[in-house]
Each structure stands twice: as C-alpha cells, then as structure tokens.
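1. Sequence and computational prediction follow.
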Protein chains: 2
Amino acid sequence: MAGIKDLARECGVSVATVSRALNGHPEVSVETRRQIQQTAERLGYRPSQSARALVRGRSDAVGVLWDSGYETVGRRHPFLLSLLVGIKQALNDAGRHLILLNVDVDRQGPRAYLETAREFQLDGVIVMGLDGHLSALHALFESGLPCVAVDAEVAGPRAGCVTSDNRAGAVEAVRHLHALGHRRIATITGPVELMPAVHRLEGFEQAVGELGLKLPDAFVQNGDFFMDSGYACGTRLAKLPKSRRPTAVFVAGDEMALGAMHAFADAGLDVPGDIAVVGFDDIEAAGLVRPALTTVAQDSLALGAAAVDTLLAFVDKRAVDSAEATPPITPIRTPTRLVIRQSCGAGR
Amino acid sequence: MAGIKDLARECGVSVATVSRALNGHPEVSVETRRQIQQTAERLGYRPSQSARALVRGRSDAVGVLWDSGYETVGRRHPFLLSLLVGIKQALNDAGRHLILLNVDVDRQGPRAYLETAREFQLDGVIVMGLDGHLSALHALFESGLPCVAVDAEVAGPRAGCVTSDNRAGAVEAVRHLHALGHRRIATITGPVELMPAVHRLEGFEQAVGELGLKLPDAFVQNGDFFMDSGYACGTRLAKLPKSRRPTAVFVAGDEMALGAMHAFADAGLDVPGDIAVVGFDDIEAAGLVRPALTTVAQDSLALGAAAVDTLLAFVDKRAVDSAEATPPITPIRTPTRLVIRQSCGAGR
DNA sequence: GTGGCTGCCGTAAACGTTTTCGATCAGCGG
DNA sequence: CCGCTGATCGAAAACGTTTACGGCAGCCAC
C-alpha cells in the first residue's frame, strides 16, 4: 500500500528523486539512492504497474495469442504446453510479463486481437497454435504491432516467425534410418496447409534424394496429424507386396506414427523387425508405448525463447527504423534432436 | 489512439458523460448514450486498461500461478494444459483477463507472488500444478488476497480450493471392475503427499469395502505417478501366485498404468485377459496405446471453470464480510467420467 | 411562490507514476 | 566578483480514466 509519496516523505526528498533512484537514473547521489532503496525495502514498496504503464505508454507485457478451440489438433497439441513454458521463462528472464489474451477468433472478429493489444499497450504479441487461421490475423500482422508467429509464415512490417527446423529434423531422421541399413523408406505426411507438415515432407524428399533412394508414389501417404489417418496410411503401406513394401517409415507426427504402428501390428508386421518407424514431436506417449517410439524432438523451450527474442528485437527497433521495408519472412529455426528409442532397428 | 476526451469533444459533452455512457450508468439519456456509443465505434475507441485500473484500484485480471519447473510430474502434467484452457475460457466469459505470473518459486522468495499480485492489483490468483510447495505459499493464502488452489488443500481468509472428485472417480472405476465380474482388485497409488493420490486411494478403499471385497496387503502398491514406478508395482503384482493374484488393478495415474501394462506384458500376462487395468486422468497416451486404456477422465474444462467461479465468489464478497472467520477448506469437487476402452474385460 | 424531488450533466479531484524544466549550490578559472 | 559547469534535486505537468459533488431545469405538491 505504500506509494512513492510515502517513500518521499519518509526520506525527506521529492517523489521525482525517489522515482529516479529506484529506476537507476544516474543523476542521484549514491547516498540518497541507498537510503531510498533501504526504505523502499523496509516499507515493502512495489510500484503500481498500472500507473507506470499509463505514463510510459507501454506495459512491459507481451500477449500470447492462443486459440484453444477444439476443432483441430494443432490448437490443443501437447507440444503447446511446453512451448508456453518456454515463452513464459524467456519472458521472465527479459523482465516482461505475460498476458494470455482473452480473445476467441471464432466468436469475436479478428480485429479483437489488435484492440486488446492496444487496450493493454502491449509490447507485442506471440501467436501460437493456429491452424490456417492466418487470414483472420492479417490485420494483426499488418498493423505494425510487433508480433511473431510460431510455426506459421506471416508477413508484416514488424512481424516475424519462428519454427523448429523441421526440414533438418526430417533429414536427420531419414539419415538415421539409412545408416541402420534401410533403403526403402516411406513417409506419412501432415496436412499440406500447415507449415511444419510441408517442411517435414521437404526434408524427407531432400534426404531421400541426397541418399539416392527410390521413392515410389505409394511411399508418400497423406495424413492429417491424427491417429486415425496414421492408421489408414499404415494400412495402405502394409498392404503393399513384400518386395515393394518399405522397411521404414518416417511419420511427420507422433500421433500418426502410433496409428501406423497399430496398423502394422494388425497387419501382422513386427515393429521394428519388419518395418521401422520414426515419428516427429516427441509427445509424451512416444516414451510410454511399446515399442517406444524413436522420434524427432522439438526443443520447445528454445523455440519459446526464440519467439521471445525475435519479438523483443522488433520492440527495441521501434525508434530506429520508423518506416522501413517489411523484413523478409525467413523464419528463425530452432534445432531439433533425434531421440532414439526402440521403434527402428536394423533394416532389410 | 482516440481517448475519452476526443469522444467528449466530438459529441459536445463532458468526459464524465462519456465515461458514464460507456459504462452503462443509468444517469445518462438514451439519446446521448446512443450518440456516444456510435462515435466510440466510429473512432475505434478502446479504453486504456492502465488508466482504468489505476483509478479503480483493481485490474479485472486474475493471475495464474504455475510453477513449471521440471522436477516433478505434477508441474508439467499434460492435464495442466487443458486446465489452463478451462481457466482461460471461464475467465473470458467473466470478462476477466489472465496474467501468467512471472514468478519462480525456486529463484525468488515465496513473497514474490504476493508482491506481483499487488503490483498488478490482481483480483485474485489461481494456483495450479504445485507439488507440495504449499508451505512456500502460506504467505499467499494467509494474505487475504482471494486465491484458489487446484488439487491442493489450503486454508486462508479468502482462499479456497477445487479438485476433481477423485474419490467418486475411484469408486466408479472399482464398481465398474466389480460389475465386470472382478473380485480380486488391487491398486497402485500415487505419492501420499499429493491430495489427488490420497483421495483416489480413499475412494478405492471405500468401494472395496462397500463391495465386501478382500484386500490383502500386497494389493496396495505405492507408486509415484511416474511410469517406472508403475512398472515396478505391476511386476510385484504379476509375481504373486496365480491364485492370489489380482484379476484387475485400479491405477491412480495413467502413466503408471501404462508402466504396469508393460510389466504385465513382460510377465506374460494378457491385458485384459489375465488382468484388467483402469487408470486415472485420461492423458493423451491412454487413447493411443494398445490395448487402449480404460481410465477415469477429469473434466479439466469444468475444473477450470470451477476454479474461476470460486475465485470470483471471493472477489465479489469483498465488501460484504470484512473480517469473517476463515471459510472451511472443503474443496469444490468436479465430477469425473469413466471412459471405457479396451484395457479391462470380463473378470475371473 | 417555495420547497423538494428527479433526470441529466459538467467540474474537478483523484489514482501513482515518469519526466521535463528549471533551481540551487559548490567549485573554479578568470 | 562574475560567469560557467556539473551535480543533485524539486515543482509540476502530464498519462487516461472514474467518480464525488454540485448545478440546473422541469415538475409536482402545498
């Protein structure tokens, strides 16, 4: 309850001096500063964030936009939890606060984001867990408010994006399979409208090309990140005649990978004996099933930190370039890590 | 950028009238109100939350305290993600905002929570995902700031708690096993210092008692919610001579349940043929494994909503009882739901 | 005509900071 | 003694709201 005035009275100085002392301005003697800090400590003084934000015109808070609807897998993916943790910790280290934005892209218009950001005078906004809702967010990215999207490509004057290095992760997975002796490697993809899905496919194709492997049409099966589609794709692969059947599958998502493993089991194929499986994401279930799933893990903490870094770079650049060209939309990429478990053995 | 003054000038009224019109005060004529609302719409006026919070002494925001450290399972449980969604949506419906508090119970002192809450003039705080850190939070609960804890019993003048009805859930699980014909039912527990763990055990014991089943000492195995402990406990159960082996196990957590299922598989027991398993929590993996795990699902959305309700009740009661006795710590309980999958068949 | 009530509205004082614009004072060279 | 510089600080104006208080008109009752 102690305000800056109380401190001023207590120390016999003016409120201006107190403010300067507490904010580390140089034009206050070491003596007074020490005294002020001590009494602040003693009285348990805490500055009012509202007052501070009001006068400074900024809040030192960033909003996290996370549409948690139920419809699609992307919005509730367990991965988002750790991503949120990463964002939260990075923000903490940067002395910023995190506001989980109270907006629902379906119920309110897309403009609601921007207005809420203005209401709170947010430093910027991080958008996560969106599934193709990009068009609805155009106004946000174009607005000049600093914002970064996770796992989506966006453009805007002060907009950036971060993502795991899905291409490299896919390449590593395929190389690993190749090193184990596998030569007939198939893939199950995610939906083409999601950036991670296409990057994983591109990485897969790149690695297959570099390694000089054949890639029959049947070796690319299109899923939707859900388990059922993984099961369906797995069934189709299992039905191929043995000589033309893959000995390994790179699946663009763990949930689909588990579905595929069930399909293989139902088809009488042994994993990893008859067919190896490597997934993507390292969801919790990957380590809980038998055989445990080898998978490409995203470093969600690093990804969250990267999102915060990119965002704060835009924030600080505020004064520097007022009207510069929109930056290129090459996303920042965070490295992935192949975690090797039991679902892929030696090939052939 | 348009402020309340701009509106006033535009409409030819005073700022007071504008404020009243926009906040629905009755002492303004329908005519002026309509005009003001229209120009507000036209100018894209949005009130500054900082200014508003500053003058009203409250922010219409509640803090969510979530220590996301890595050490214990409770803190990163996938369940927390949906809980957070539930909280967020309930807060949204109540017109409140959500601030994810920037505090780390390990690095900063426990007082930091309170100070942050005061800085932001939060309406209250919801604490989730804590693992026995309760002592560190005593200052918070005793402070008089409205707060509710999820899945922990706390006391304080304006503190409450919510939890899933773990007892009833356990009872339902056991009854279900009994209805399937099982008579020798064991359990694997969680750590005794966690409230949900003890409630699930109590429910188990209650149901077993009511059904008149025998409960040898070996039928209660103590785990720690992690998979490895589930495996160990499952192994011990599997080692019992067939005549004294349980035909079903109620496991207090899905992760342990999966561990137990692996143990049974390794011991040559068929699930559900030789031994049925029912878990608790309905984590994502439960539906992804084979056989899919029958489990007691928590309604995390309802739980989040209950947390918000309880909190806001305390907030509104601010003026009513100034110095009342601390309310009893009977937690609000949210019903669970048994989701039946393949891991438990007929008994005997 | 007086008093009072009601409906509507304006004036101005808060709320707790930050920051601009000086003010004061000491020291110092000339 | 004068003017200048640097260090340290105070007075006061913001920032954008909400709200207590009072005013004014109109109406009704006496």
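-> Received it, and whenever you're ready, just let me know what you need.
2. just the helices in the stretch 101-250 of chain A please.
-> Ranges of helices in the stretch 101-250 of chain A, per DSSP state H, counting those that start in this stretch, are A:111-120, A:138-142, A:166-179, A:195-210, A:227-239.
3. tell me the angle the fourth one makes with helix A:166-179.
-> What separates the directions of helix A:195-210 and helix A:166-179 is an angle of 40 degrees, with axes from the mean of the first three to the mean of the last three C-alpha atoms, to 10 degrees.
4. so which strand or helix has the closest residue to A:A257 other than its chain neighbours?
-> Nearest residue to A:A257 in three dimensions, chain neighbours excluded: A:G279, at 3.4 Å (C-beta to C-beta, 6 or more residues apart in numbering or on different chains). C-betas here are computed from N, CA, C, even on glycine. Using DSSP states H and E, the element containing A:G279 is strand A:276-281.
5. Distance from that strand to the middle of the chain?
-> Relative to its parent chain, strand A:276-281 has a centroid offset of 20 Å by C-alpha atoms, centre = their mean, to the nearest Å.
6. so what strands line up beside the helix or strand that that strand is followed by?
-> Next helix or strand after strand A:276-281 toward the C-terminus (DSSP H and E): strand A:294-298. Using DSSP bridges, strand A:294-298 pairs in its sheet with strand A:276-281 (parallel), strand A:336-339 (antiparallel).
7. Other residues contacting strand A:294-298?
-> A:79, A:164, A:169-170, A:172-173, A:176, A:254, A:257, A:276-282, A:286, A:334, A:336-344 (C-beta atoms under 8 Å, 6 or more residues apart in numbering or on different chains).
8. If we use 7 Å, what do you get?
-> With contacts defined as C-beta atoms under 7 Å, 6 or more residues apart in numbering or on different chains, strand A:294-298 is touched by A:79, A:164, A:169, A:172-173, A:254, A:278-282, A:286, A:336-341, A:343-344.
9. go on, stretch A:162-175?
-> Defining contact as C-beta under 7 Å, 6+ apart, one finds that stretch A:162-175 is touched by A:148, A:150-151, A:185, A:195-196, A:199-200, A:202-204, A:206-208, A:250, A:278, A:280, A:296, A:298, A:303, A:306-307, A:310, A:331-336, A:338.
10. switch the cut-off to 6 Å
-> Contacts to stretch A:162-175, defined as C-beta atoms under 6 Å, 6 or more residues apart in numbering or on different chains, come from residues A:150-151, A:196, A:199-200, A:202-204, A:207, A:250, A:278, A:296, A:298, A:303, A:306-307, A:310, A:331-336, A:338.
11. Just the buried subset of these, please.
-> Among the contacts of stretch A:162-175, the ones that count as buried by 16 or more other C-beta atoms under 10 Å in any protein chain shown are A:150-151, A:196, A:199-200, A:203-204, A:207, A:250, A:278, A:296, A:298, A:303, A:306-307, A:310, A:331-334, A:336.
12. For chain B, what is the nearest residue in chain A?
-> Of all residues in chain A, A:A285 sits closest to chain B, at 3.4 Å by C-beta to the nearest C-beta.
13. got a pLDDT number for that residue?
-> On the pLDDT scale, A:A285 is placed at 91.
14. what's the answer for A:T116, then?
-> 86.
15. what's the burial count for it?
-> A:T116 has 21 neighbours, counted by other C-beta atoms under 10 Å in any protein chain shown.
16. swap in the one 3 residues further on?
-> When neighbours are counted by other C-beta under 10 Å, A:E119 registers 16.
17. ok, it - contacts?
-> The contact partners of A:E119, by C-beta under 6 Å, 6+ apart, come to B:R46, B:Q49.
18. Chain A: strands as residue ranges?
-> Per DSSP state E, chain A carries strands over the ranges A:61-66, A:97-100, A:124-128, A:147-150, A:159-164, A:185-189, A:220-222, A:248-251, A:276-281, A:294-298, A:332-334, A:336-339.
19. Single out the most deeply packed of those.
-> Mean neighbour count (mean count of other C-beta atoms under 10 Å in any protein chain shown) peaks for strand A:248-251 among these, with a mean of 31.
20. A:P272 against A:L293, yeah?
-> No: assessed by C-beta atoms under 6 Å, A:P272 is found out of contact with A:L293, at 10.3 Å.
21. residues bridging contact with the two, i.e. touching both?
-> Shared contacts of A:P272 and A:L293 (C-beta under 6 Å, 6+ apart): A:S343.
22. for stretch A:233-249, what is the average pLDDT?
-> Stretch A:233-249 comes out at a mean pLDDT of 96.
23. how about it: buried residues?
-> Of all the residues in stretch A:233-249, those buried under the rule 16+ other C-beta under 10 Å are A:C233, A:G234, A:T235, A:L237, A:A238, A:R245, A:P246, A:T247, A:A248, A:V249.
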